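Student: quick one, fold the following:
(2 chains)
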Amino acid sequence: MPSANGNLVALDSIVTAYEGADRPSLHNVSLAIGHGEFVMVGGPNGSGKTTLLESIIGMLPITYGSANVCGFDVKKMGTDVRKRAGYVIQNFSFDPLTPFTAREVVMMGRYGKLGYFRRPGRHDAEVADRAMKTLEVEEFADKPIGTLSGGQQQKVLIAQNFAKEPELMLLDEPYSNLDLYSREYVSTVLAGLVKQGVSVVVVSHAFDGLPDHPIRALVTNEGSISLDRTCRADELESVVRAASHHPDNYA
Amino acid sequence: MLEFIFPNIVMCRAIEAMASASIACAILGVIVTRIGVSSIGFTMSHAAFAGGAIGLFLGIPVTIAAVCSSLLIAVLIGPISDRGRMSPDTTLGVLFSMSMAVAIFFIAWMQTTGNGMNATMLLYGNVTSLYQHEVYGLLIVSAIAALFVIVFYKEITAIIFHRKIAEASGINTSPIFYGLLFIIAISIALSLTIIGGLLIFVWLVTPAAIAYQFCRSLKGMFIVAPVVAICVSVAGAVAGISWSLPVAPLTAVIFALVFTFAILISPKRRITNSKS
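Tutor: Prediction:
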């Protein structure tokens, strides 16, 4: 579905506040992301990176301004946005005895798209299998997710969002549990998505193993976007460092 | 219904009631324990208890009063638990204490007026003076609980796995959560006079906890938990009535013993010693 001005993400002066907080977490943020962009979001802890992602996907209330994502008004139709946009969360932990296999977890990525009263069919199983193959998680597809390593779980969650066949992919610290090989591999896979026209927005403190692809760097500081420019992968770390207002300059 | 198996009408009615309550509570218990909201079941069972005590005091049907109070608490609990950023424990603790206080207040008052004996039914249940329609009511609620799980199975599994991830994947989790609270409220209220306000929580949590020791899939838990609950409840009803013991407390003790045994022999807790 076409979005505002052809952009996948169109935030206009949005303000986001957590319940009980004495001041907004994001204030006056405007942002436009078109199709096929690779965006890396950096900035000090608590500067609003995760809040930005969760505002885009409608998981936090936008108290002021307008937000249109994947063609839907985020304030009114957050669930419809989330059916079309993937979001890999940052902090997760699973009970080692949890009764779900990696395959079942990946299939859950299809549930929102299917809606109530429809069961996953053959097409959904094929899409889930393809997602597992893309992320190289087929070998432990039938193991309980709680018994997998942190990195394997991370890849399963990314595969879950691939199974959604998203128009926009948001990832919060997706590299935190991954070894260097896996980081490079996941980056390459994400770059593949970008080539298909999907926009990828990654919050990360790790800047190694990124694809050889123009990267749009966003830096958040105290709830605002203080830098927005496109650079090469090898420049990214210095660009983010220079723009981060951290006591130790983003150590 | 089961008179052809159990000709003793008192025992027959007790078995039917205990089995019906077991099905609803065990199915819902799997969801409640796996989502990690056992405290909701705990609070709601005491709300039904308080409602029943008020009903008894005012002379209105206990079940209707219990249904009203559980639904009221469900309406309060919903928004509290729905907001993931606020820990609901404190508020649930307040609601639980308040329910308990209201129930004890009215029961103590009734004791001073000579109606205390009736009130003990609310504490420990009473399976010997049940009406057939109460059993039918519980069977209908059990069927609704089973239907709810079948129709919304994929949404329920996603919420059980991780509610935030389920929400991020585009599932509108709130209607499922509120539907669950509504069915729990009705099931608990209808089970109140059979099992008792202090013991319902055992039916809600223990069968699921026992099934969890053996089942590696959620489907397995949804089948094993009610089967275990029915077996233990029927055994408790038969033993209790045969030896003139209080049925619900006896069954609760049997549940605890079965749970202990399940922990001891659980294959999930076994550590592999082989080298290969």
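
Student: next, count neighbours for B:S97.
Tutor: Neighbourhood size, B:S97 [other CB atoms under 10 Å in any protein chain shown]: 12. C-beta: built from backbone N, CA, C; applies to glycine.

Student: who are the contact partners of it?
Tutor: Applying CB atoms under 8 Å, 6 or more residues apart in numbering or on different chains to B:S97 gives no contacts.

Student: just confirm it is within a strand.
Tutor: No: using DSSP: H, G, I helix; E, B strand; the rest coil, the assignment for B:S97 is helix, not a strand.

Student: pick out the residue of the stretch 151-251 of chain A closest to chain B.
Tutor: Nearest residue of the stretch 151-251 of chain A to chain B: A:K164, at 6.6 Å (CB to the nearest CB).

Student: strand partners (parallel or antiparallel) of whichever helix or strand A:G86 is part of?
Tutor: Element membership of A:G86, judged by DSSP states H and E, is strand A:85-88. Strand pairing for strand A:85-88, using DSSP bridges, gives strand A:168-172 (parallel).

Student: tell me the gap between the helix or strand just after the partner strand and the middle of its chain.
Tutor: Where DSSP H and E defines the elements, the next helix or strand beyond strand A:168-172 is helix A:180-195. Its chain's C-alpha centre and that of helix A:180-195 lie 13 Å apart, by CA atoms, centre = their mean, to the nearest Å.

Student: cool, stretch A:97-116 as well?
Tutor: The answer for stretch A:97-116 is 18 Å, by CA atoms, centre = their mean.

Student: show the backbone phi and psi for B:A145.
Tutor: Backbone torsions for B:A145, taken as degrees, to the nearest 10, come to phi -60, psi -40.

Student: test my guess that it contacts B:A21.
Tutor: No: with contacts counted by CB atoms under 8 Å, B:A145 stays clear of B:A21, the gap being 11.1 Å.

Student: which residues do the two both contact?
Tutor: B:S187.

Student: which one's more surrounded, those two?
Tutor: Using other CB under 10 Å as the criterion, B:A145 and B:A21 rank with B:A21 on top: 32 against 23.

Student: rewinding a little: so does the next helix or strand after the strand holding A:G86 get close to chain B?
Tutor: Counting by DSSP H and E, the next helix or strand C-terminal to strand A:85-88 is helix A:102-107. Yes: judged by CB under 8 Å from any CB of the partner chain, helix A:102-107 and chain B are in contact via A:104-105.

Student: please enumerate residues in contact with the strand or helix carrying B:V67?
Tutor: Taking DSSP H and E as the definition, B:V67 sits inside helix B:62-82. Here helix B:62-82 makes contact (CB under 8 Å, 6+ apart) with B:37, B:40, B:43-44, B:47-52, B:54-56, B:58, B:86, B:88, B:91-92, B:95, B:99, B:121-122, B:134, B:137, B:174, B:177-178, B:181-182, B:184-186, B:188-190, B:192-193.

Student: I'd like the average pLDDT over that helix.
Tutor: Averaging pLDDT along helix B:62-82 gives 85.

Student: lowest-pLDDT helix or strand in the chain?
Tutor: If you meant another chain, say so; for now it's chain A. Least confident helix or strand of chain A, by mean pLDDT, DSSP states H and E, is helix A:236-243 with a mean of 86.

Student: actually, chain B is the one I wanted.
Tutor: Lowest on mean pLDDT, DSSP H and E among the helices and strands of chain B sits helix B:116-124, with a mean of 72.

Student: name the helix or strand for the residue of the stretch 51-200 of chain A found nearest chain B, please.
Tutor: Residue nearest to chain B within the stretch 51-200 of chain A: A:G112 (2.2 Å; CB to the nearest CB). For A:G112, the element it lies in under DSSP H and E is helix A:111-114.

Student: residues contacting that helix, please?
Tutor: Contacts for helix A:111-114 (CB under 8 Å, 6+ apart): A:79, A:82-83, A:120, A:124, A:164-165, B:154-155, B:158, B:166, B:169-171.
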